[in-house]
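A.B. asks: Dropping the sequence and predicted coords here.
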Amino acid sequence: MLRAAGSNSAEVEDWKRSQVILEVLQTYHKRSVASNAHSTTEARRLPFLALVSKPWSILQDELNVETVGRLLPLALPLNIPPDEFYIAAVKRAVSDSLGFAATKPLLLKIRDTQSAMATTMGLAEQFATSPAEHLSALKVALAFAERWNSQTSALASASSSSDGAVIAQQAAASYARLRETVAATETQMQLTELKLSSLSAFVGKPDECLCQLFEQYSDKVIP
């Protein structure tokens with residue numbers, strides 16, 4: 001009797017999962033239409049069985065900035081963390097050559113702070129040839145790093161676990177590195193804008209930079 005009850009409970013849960021998935025599929029249209037489909041409806045809908053058995057084989061081609069909100073209800077029935085939907089959409093945004101402004105709202109929805117920081121740092125590297133967007137991404141990554149540092153520090157203080165202390169140290173180190181990186185990047189941008197690129201070698205060395213600035217340019221401003 002207990003086994004039968006457990007079996008029925010599992011069947012009910014499977015039915016509920018299937019219903020949620022089907023509701024999403026009924027209103028969602030694929031980004032690309034299959035040429036070998038037997039009907040227009042089949043061509044435009046995601047395949048239910050493939051989605052249930054191998055979800056990422058389907059989702060990786062569908063998730064982007066515009067579709068992630070409509071596909072997010074699939075996270076629970078497919079047993080996929082919502083963060084992975086947002087991260088996949090961010091990666092798609094990069095491949096679609098979208099700017100940082102388009103991806104930032106997705107980054108802010110990632111609940112795991114460490115994952116959000118790592119994803120944003122990776123995104124910053126993708127914008128390395130666009131100084132303003134590169135700096136914007138680094139600043140958001142820094143905000144995540146600061147939050148992660150605060151979270152792990154509080155947890156380490158409340159726990160006697162050595163693991164918590166190690167993670168807190170890692171978070172503090174990441175936060176410190178990112179602060180230095182953001183400061184150096186801002187300085188480099190300012191030097192470039194002021195046509196002082198000859199001082200780039202002294203970025204991160206404020207005292208030496210000031211000395212070089214005085215030596216190289218004082219005769220131009222001091223009569």
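C.D. replies: Great, that's in hand.
A.B. asks: And the helices in the protein?
C.D. replies: For the chain, helices defined by DSSP state H occupy the ranges 2-27, 40-44, 48-53, 55-59, 68-71, 82-95, 100-107, 113-126, 131-158, 162-193, 206-221.
A.B. asks: Now mean neighbour count too, for those, in a markdown table please.
C.D. replies: Where you see a C-beta, it was placed from the backbone N, CA and C, and this is true even at glycine. Rendered in a markdown table, the data for the helices of the chain read as follows (neighbours: other C-beta atoms under 10 Å):
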| stretch | mean neighbour count |
| --- | --- |
| helix 2-27 | 11 |
| helix 40-44 | 12 |
| helix 48-53 | 13 |
| helix 55-59 | 17 |
| helix 68-71 | 18 |
| helix 82-95 | 20 |
| helix 100-107 | 19 |
| helix 113-126 | 21 |
| helix 131-158 | 18 |
| helix 162-193 | 15 |
| helix 206-221 | 12 |
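A.B. asks: and the ones you listed as TSV, adding mean pLDDT?
C.D. replies: TSV is the format used below for the helices of the chain (pLDDT from 0 to 100):
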stretch	mean pLDDT
helix 2-27	78
helix 40-44	68
helix 48-53	93
helix 55-59	95
helix 68-71	96
helix 82-95	95
helix 100-107	95
helix 113-126	95
helix 131-158	94
helix 162-193	89
helix 206-221	62
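A.B. asks: Spatially, which residue comes closest to the residue nearest the centre of the chain, not counting chain neighbours?
C.D. replies: What sits nearest the mean C-alpha location of the chain, by C-alpha atoms, centre = their mean, is T119, with 3.6 Å. Closest residue to T119 apart from its sequence neighbours, by C-beta to C-beta, 6 or more residues apart in numbering: I87 at 5.4 Å.
A.B. asks: Can you give me the separation between the one you found and L106?
C.D. replies: As judged by C-beta to C-beta, to the nearest Å, I87 and L106 stand 8 Å apart.
A.B. asks: How about L71?
C.D. replies: Distance, L71 to L106, by C-beta to C-beta: 13 Å.
A.B. asks: and if you look at D83?
C.D. replies: Using C-beta to C-beta, D83 is found at 10 Å from L106.
A.B. asks: No further queries at this time; thank you.
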